[in-house]
Every structure is written in structure tokens, then in C-alpha cells.
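>>> Got a predicted model here, sequence first, then my questions.
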Amino acid sequence: MSARRATRRLRLGLVTVSVLAVGLGLAGPAGAEPVTAAPLVATGGLPDPGDSGPSAVTVTEYNDGDTAFTPPGFPGPVEVRASVHYPTGLSGGERPLIVLMHGRHSTCFSGSSSALEWPCTGGRQTIPSFQGYNYLAQNLASWGYLVVSVSANGINARDNSVTDLGMLARAQLIQKHLDKWQTFSTAGGAPFGTLFVGKVDMDNIGTMGHSRGGEGVAQHFVLNESLGSPYGITAVLPLAPVDFNRPIVDDVALSVILPYCDGDVSDLQGAHFYDDALYTSPGDATPKYMQEMLGANHNHFNTIWTPGGWPAGTFDDTSCSSIALTAPQQRNVGEAYMAGFLRLHLGGPGAEPAFKAYFDGTSVEPASSEPADTHTSYHAPAADRRDVNRWKTSADLTTNRLGGAVTRKNLTPFDLCGGEAPQPQHCLGVSTSQQPHTVASARSSKRGLSQLRYGWTSKRANLVNIIPGASGDVSGFETLTFRIARNFADGRNPAGQARDLNVQLTDGSGGKKSVKVSAFSDALFAQPTAGFGLPKLVLNTVRLPLSSFTGVDLTDVSKITFKHNAVPSGAVLHTDLAFTDPS
Amino acid sequence: MPTRRRTLAVVLGALVAVIAVVVGATAASGWRADRTDLSAADPSGRSITPAAAPGPDELAPAAAGLFDVVPAPPDAARDAALAGRAGTLVAQGTDLRVESVPLAAATTVEVGGVSREVTQVYRVTVSAGPYVMRNMPAIISVDGAALGVAAESVDLASLVLFTYDDLVVTDGATVALSYGLFGQSPTEWSTTLEVVQ
């Protein structure tokens, strides 16, 4: 049982394993095994992004034909077709626009046989992959948003014959649809007449793309920017994305979803979108998020790709043999995190700032996402962070970003991996597809995430970052955050057991306080192994409230110590140590 | 720890161990267990190139990217007519045909950094389908060297790749299919190449 699920069950008034263990005295003193990360963070009655909104929803479609548009440079024409979900009545003025784009799938079918061609011929009919996210569109439209889901079958039929595997074409197709919506929202046009005139905020657009569509929306963000940003893209959400070309998506709110049991994009290469967007734009005022969804596969996010959802072309791709979610369960967790992110960052009638807690490392999950277990990563806007150590270069092993000394005791190997040469390209001696942060990219030679790698077999082991006096006033921050993962390939981690550590803050007067990571986060969970190509290494965020460091003068913090006395041995990968978010 | 509690802990621990064994057995019999897991294998030094047309690269200047090691086929290889043009069988394997297909006109290509004039292109057809549409690229490799991204046939029964690389007429070589780069993705299919002429 995951710690977060335990938390949710506490909320539901049920008894958790962790509480039961404590009650029976099984948890033992610090250092005893096994460790069960058990954050006990109350949800505080947060709204659930899986809940529907108050508006009735109208569904319609526009279709300019199967060959209405030829993306420049693409070897064939594609359709300009999309479904539209909007709140019935469209009361009020402009509202944010959300564009969805599906990924690569069969394009045509006849009976139970699917085919790949465009347009469909020989009596075959179109497979409407674009309708596979109706559940999400329905949710968002009920909160007042205008949701357009774009068909991209024409690109799927030929994208393997294009060097960039169709990514620019996908971006161009989205831009083509935005051009249409610019017209719909101003002069109006067929087939809607003036229905949407004055109703669409073209400066507040969110995009969600699935799989190759995930890189498609990333590439679209870059394309729109290269054109002088004629439209305002304010939120980008790659869902189970490929990242062949490694476009950088910064200066925009970004949320990446990684399904742990993805049997298609099985190397979870979409982690690069998150990692690549950090620190690239000085002063970036937007946050970055990533969710690792245990039990989720690739196809069940799209109902048309899900067995039973269409007569042809469906399949269950899960790589997990024990934790796989059912299709409805997966859609629920997907809906919660996709709708939550878009409502958090698009504002408008469904704006809900409280959703941030579901994304920022706080150990809460939407009740509607049950029984899925989701781990999150969070990178705050630049102005809301004081980076202590990014662990990017060898210099960071001895001096942190604030100029303070870095020391360690009884930690081995204590080196950096995964980043720029001369770092080793990968961190673990297992298949590279199990290491999403460093897996090679099909269309780019960019390296991956630089990570600090170390382990311990002594309870006196520790890692210290000194905070110089000039940087010691952290009272304006709410939390101490870092990313970390259990190194499943290191024998110092017993199989199947979570890890833990204590984090201690010390102030200039010698006041100190340690808190146990497992009290606030299950980021050091034991990655599931049952299935093919598992486990996978994804670093997730630990978020420690500074208020929990009682007795420490937060205006004069002098030292951060990772004390490895919570378990006798272990090994981790770690990065992105920072004070985060305004208090 | 009191004895009763310790005993209970041992019992619970044993239960966890049993569950772990069952889970492990389940994993071993999972539907993907028949695949070849190339754990810890290094990707080939060579790389992949798309089956056909190089697309616009303005937004993706992937200098020294893996695709760049083997240049994309020239325009001639993207001639749609080549897909249906009669070819001469030059090599084969189980569910594999390698045909030499004449070009409409001679053209200069670069393979492995060497420029040469060609009048024909190899059409590699893998017919171990039916294939499901995947988002990861279907990569054909020979002895670990990636030749390029294969495209699905209309009926999804086969995968087709065009290449000028003479690797596809290496007798005894192993031809393999993986979704993603060879060495970091499972091998879905492989066969031994037999040169027939």
C-alpha cells in the first residue's frame, strides 16, 4: 500500500496500515526496518478536480475535410476536424481555450480490422481518436472552458516518413486550428456563425497532447513563440509524451504525466520535458510539474484506443503485471490531474488555486484519483525559489550555489551522473529504458538530468550544505524541497523496501531540528518491479514545511544536513535542493 | 520490542515475502516475458534515419543527433511509387524480404559518410505482423546497427524500410525490430539474414 493511499484512507475514516503498525509498535524506532513512508498530511477539504462543474455542456464539431490542409514540408494533406465542448449558453465574455491533440494510432477501420492510410479508402472509415478525451473535455467545459480536440490522422499516416516524425506538422496543425478560432472569436465563421464571437480568450490557451501529440503541443509552443506569439499559450500538458526532438518548453506552466506502466513509450522519455525546462530561462515566472502515475498505461487515457472503446485498433499496452489500473480508474486519475493543472493555470471561470497542493509535492491526492498512486515533481517559479544546490557540475560537490561548503561523511560513490560530459551518461547499470531522466533521444544528442548519486551503510553518514549568512534568512519561504529517488539497482537498498532519511536544519545559534522525510513524502518508495522493463527510476519531489523545523531560527539558517540515520543502509539519486514558495 | 509484537512482525514479514514471490512469478509469466530484454546493452554506435522524407528541421536543430549518423534517404527513396514497384529479392529471413528496387534515375547518396552513385534502393519488408500502431518508432537494425524507422503498411500487416545501406545484404547477420533505439528497447522480432543473390 502506498503511503499516499494510506493518507487518503485516513481521510476517509479508515484505518491505515501505517497507523496500525504504529499502534502495534511495529514501526519501531528510527533506523528499524522496514520503513513505510507514511505522510500524514490532511487534505483540508481541498476541492477535487475530478468533480464536474455547474454548467451543462454542448458538444459539436467542425470538419473542413480530410485534405483541407497540408502542413508546410509534410508529404501529404491532412484533415482540419475537431470536436468542440463548451458550456451551454456561453454566458459571460471571453473564456480560456483548451486544445487537445491525440497521439499516433491507426487511422481507418473496417469491421475489426484497422489500417494506416489517409484519407481512408476502400470502404474503410475514420477512427476518431480525437474523441477519446471527451471525458476530459466534458469536465472542463462544465467549468466554463471551451475545449477543442483536434484530429491528426493525416499526420499519423505519414509521420514515420518525416525526419522529425511529424512534430512540426502537428504544431502547424494546431496553429491552423488556432487561426480558425481567431476567426470564430472575432468575425465568426462557418459552421458556427457568430456563436463564439467575443467568447474566446486567444491570449489564454492551454494545450494537452497525448504521446506523439505530447511532443506536438511542446513543439507547437515553440512554433507559436517563433512566430511572435500570435496566441497566448499559458499552459502546456504533455501526456505520456515522446520527446524525440527535445524542444524546450519554458516560460510557460508545464505539467508532464508519466504513466509508470506505459508499454508504448516505455522508457518514459517525457521526463526530459520537465528536466529540460528547469533553469533554462532566467527569471522564469512559471512553474513546472511532473506526475509519475503508478499503474497507468499508455492507451487507456484515450477511450478510442481502449479495448471495448472502438471496434478496431485497440489494445492494452500495460507493462505491469500487478499494479495495473483498470481503464476507468486510469481515466479518473488522468482526468483529475489534467483538469486540475489546466484549471490551476488557465484561470477563467473554473479557476482553482487550491489545486496547487496536488502538484507541488504536498502529500495529498484527489479522492477521485483513487486507487491510483501518483508521485509528483515540482519546480517553483524563479522568484519563488532560493536554489541551494542544483547538482549540475563537479563544483557543486564542494560548493553550493549560495557559496556554502558542501561536505559529506560516509557516502559513496558521491558523484554526479546523467548530465553533461564528463559525467557518465546514465546513473544505473541497468537498461537505459529504465532510466527516463537519461534515456537517449531519437532526434537529439542532448544529455539528461544531472543527479547526485550516493549511498551509505553507516548511520553516521550525512550530506551537509552550508548556508552562508547572507542567504540564511529563509523565513520568507514555506518549504525546503528536493527531488530524490531510491536507487533500485544498488544492493544497499533491500528489495521492496522504501528508504528514509532525516533532514536537519541548523541555525546560527546552534538551534537544530530534524524531520523525517517519510513524515511528509513517499518519494523514496520502493518502485514496483512486477512486469516488463521495470522498475523505473523517476525522481520525485520531497516537500518539507519549514514550519516543521520548530526551534530553528528561520531568519538565520546556517546548514542543511541530510542525516542517513533513519535506515541502516541505502542509496539514492538526488537533485534540485531549494527553499521554495513564499510563506 | 515485546515478544508478541515481534512475533506479529515476523508473521507479517513472512506474508509480505510470500506475496513478493507470487508477484514475481506473475511477472515472469507476464505477456511481455517473451521479449528480449537487452538490459544494460549499449545503443549501437550507428544510428537511425527515417524511412523516407527528411522533414523541416527548423525547430529541431539536433546537431550530432542519433539520426545524423546515418543520413536520411534522398528524395528518390521517398518516391511513393517505390512502395509498389517490382523489386528483385536479394536477401531474406523468416518474415523478411530484402528487395532491390530500381530508381527512376541514378542519384548520389551518402552511406556511412561515403558518397556514391546508386541506381537502386533496398526495400526491407518485415511481415511478422499484424502490427499495432505505436508511438515509439519502429526501428530496424542489422547486427545492432540501426538502419532507420520503418513505416507500417496500409493493412498493418508489414513494416517497410528503404535504405541504401549494404548492411542489409550481409549473409548471416541478425535483423531485428525494436520500438525505440536498439539496445535500450526490447527486441520485438529478429531473424537471420540469408543472401540469395
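Yep, it's here. Residues are numbered from 1 along each chain as shown, chains lettered A, B, ... in the order given.
>>> Settle this for me: A:Ser514 is touching A:Gln504, isn't it.
Yes - using C-beta atoms under 8 Å, A:Ser514 is in contact with A:Gln504, at 4.2 Å. (C-beta placed from N, C-alpha, C; glycine too.)
>>> Domain boundaries for chain B, per the record?
B:1-34, B:66-195 (automatic domain parsing).
>>> do the last one and chain A meet at all?
Yes - counting by C-beta under 8 Å from any C-beta of the partner chain, chain A is contacted by domain B:66-195 at B:66-67, B:72, B:78, B:132-138, B:149-156, B:179-181, B:183-186.
>>> before we move on, back to that, now tell me which of the domains of chain B the model trusts least on average.
Lowest mean pLDDT of those: domain B:1-34, a mean of 35.
>>> In contact with A:Thr314: list those residues for me.
A:Asn299, A:Ile304, A:Trp305, A:Thr306, A:Pro307, A:Gly308 (C-beta atoms under 8 Å, 6 or more residues apart in numbering or on different chains).
>>> Quick check, the first one in contact with A:Ser319.
Spelled out, it's A:Asn299. No - between A:Asn299 and A:Ser319 there is no contact under C-beta under 8 Å: 11.8 Å.
>>> of these two, who's got more company?
Using other C-beta atoms under 10 Å in any protein chain shown, the more surrounded residue of A:Asn299 and A:Ser319 is A:Asn299, with 31 against 24.
>>> separation between that one and chain B?
Applying C-beta to the nearest C-beta, to the nearest Å, the value for A:Asn299 to chain B is 9 Å.
>>> wait, what's in contact with that residue?
A:Asp264, A:Trp305, A:Thr306, A:Thr314, A:Phe315, A:Asp316, A:Asp317.
>>> ok, and the closest non-adjacent residue to the fourth one?
Across the structure, with C-beta to C-beta, 6 or more residues apart in numbering or on different chains as the measure, the residue nearest A:Thr314 apart from its sequence neighbours is A:Pro307 (4.6 Å).
>>> Over to the one you found: give its phi and psi.
phi -50, psi 130 (degrees, to the nearest 10).
>>> Same question for A:Lys512.
phi -150, psi 150.
>>> how deep is it tucked in, by neighbour count?
15.
>>> Please, which helix or strand holds the closest residue to it other than its chain neighbours?
Closest residue to A:Lys512 apart from its sequence neighbours, by C-beta to C-beta, 6+ apart: A:Thr506 at 4.4 Å. Following DSSP states H and E, one finds A:Thr506 within strand A:502-507.
>>> so what's in contact with A:Ser514 and A:Gln504 at the same time?
With C-beta under 8 Å, 6+ apart, A:Ser514 and A:Gln504 have common neighbours A:Lys563.
>>> Residue of the stretch 451-583 of chain A nearest chain B, please.
A:Phe532 (3.4 Å; C-beta to the nearest C-beta).
>>> how near is that residue to A:Leu294?
15 Å (C-beta to C-beta, to the nearest Å).
>>> More neighbours: which of these two?
For the pair A:Phe532 and A:Leu294, the greater number of neighbours falls to A:Leu294 (24 against 20), based on other C-beta under 10 Å.
>>> Is it correct that that one is in contact with A:Thr374?
Yes - between A:Leu294 and A:Thr374 there is a contact under C-beta under 8 Å: 7.1 Å.
>>> in chain B, which strand has the most residues?
Ranked by residue count under DSSP state E, the longest strand found in chain B is strand B:96-111.
>>> so can I have a markdown table of the contacts of A:Thr314 showing secondary structure and pLDDT?
Shown next, in a markdown table, are the contacts of A:Thr314 (DSSP: H, G, I helix; E, B strand; the rest coil; pLDDT from 0 to 100):
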| residue | secondary structure | pLDDT |
| --- | --- | --- |
| A:Asn299 | helix | 98 |
| A:Ile304 | helix | 98 |
| A:Trp305 | helix | 98 |
| A:Thr306 | coil | 98 |
| A:Pro307 | coil | 97 |
| A:Gly308 | coil | 97 |
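>>> Selecting buried members of the residues you listed in ChimeraX, what would you type?
To isolate the buried ones among the contacts of A:Thr314 in ChimeraX, judged by 16 or more other C-beta atoms under 10 Å in any protein chain shown, type:
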select /A:299,304,305,306
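>>> could you dump the contacts of A:Thr314 to CSV with distance to A:Ala440?
Below are those laid out as CSV (distance: C-beta to C-beta, whole Å):
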residue, distance to A:Ala440
A:Asn299, 24
A:Ile304, 31
A:Trp305, 27
A:Thr306, 30
A:Pro307, 32
A:Gly308, 36
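>>> Closest to A:Tyr337 out of the contacts of A:Thr314?
A:Asn299 (17.1 Å; C-beta to C-beta).
>>> And for the residue nearest to A:Ala367 when sequence neighbours are not counted, the neighbour number?
Spatial nearest neighbour of A:Ala367, excluding adjacent residues (C-beta to C-beta, 6+ apart): A:Asp48 at 5.5 Å. Neighbourhood size, A:Asp48 [other C-beta under 10 Å]: 18.
>>> On the three-state scheme, A:Asp48 is what?
With DSSP: H, G, I helix; E, B strand; the rest coil as the basis, A:Asp48 sits in coil.
>>> With A:Pro413 instead?
Under three-state DSSP, A:Pro413 comes out as strand.
>>> That one: neighbouring residues, count only.
Neighbour count of A:Pro413, defined by other C-beta under 10 Å: 11.
>>> all strands of chain B, in order?
Going by DSSP E, chain B shows strands at B:88-93, B:96-111, B:114-126, B:138-142, B:145-152, B:159-163, B:174-179, B:187-192, B:194-195.
>>> So what are the sheet partners of the shortest one and their directions?
Paired neighbours of strand B:194-195 in the sheet (DSSP bridges): strand B:88-93 (antiparallel).
>>> Extract the C-alpha trace of the strand it pairs with and format it as PDB.
Extracted as PDB, the C-alpha positions of strand B:88-93 are listed here (Å, rounded to 0.1, in the frame of the first residue of the first chain):
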ATOM      1  CA  THR B  88      14.400  -8.300 -57.100                       C
ATOM      2  CA  LEU B  89      14.800 -10.400 -54.000                       C
ATOM      3  CA  VAL B  90      18.400 -10.100 -52.800                       C
ATOM      4  CA  ALA B  91      18.200 -11.400 -49.200                       C
ATOM      5  CA  GLN B  92      15.600 -13.000 -46.900                       C
ATOM      6  CA  GLY B  93      14.800 -14.300 -43.500                       C
END
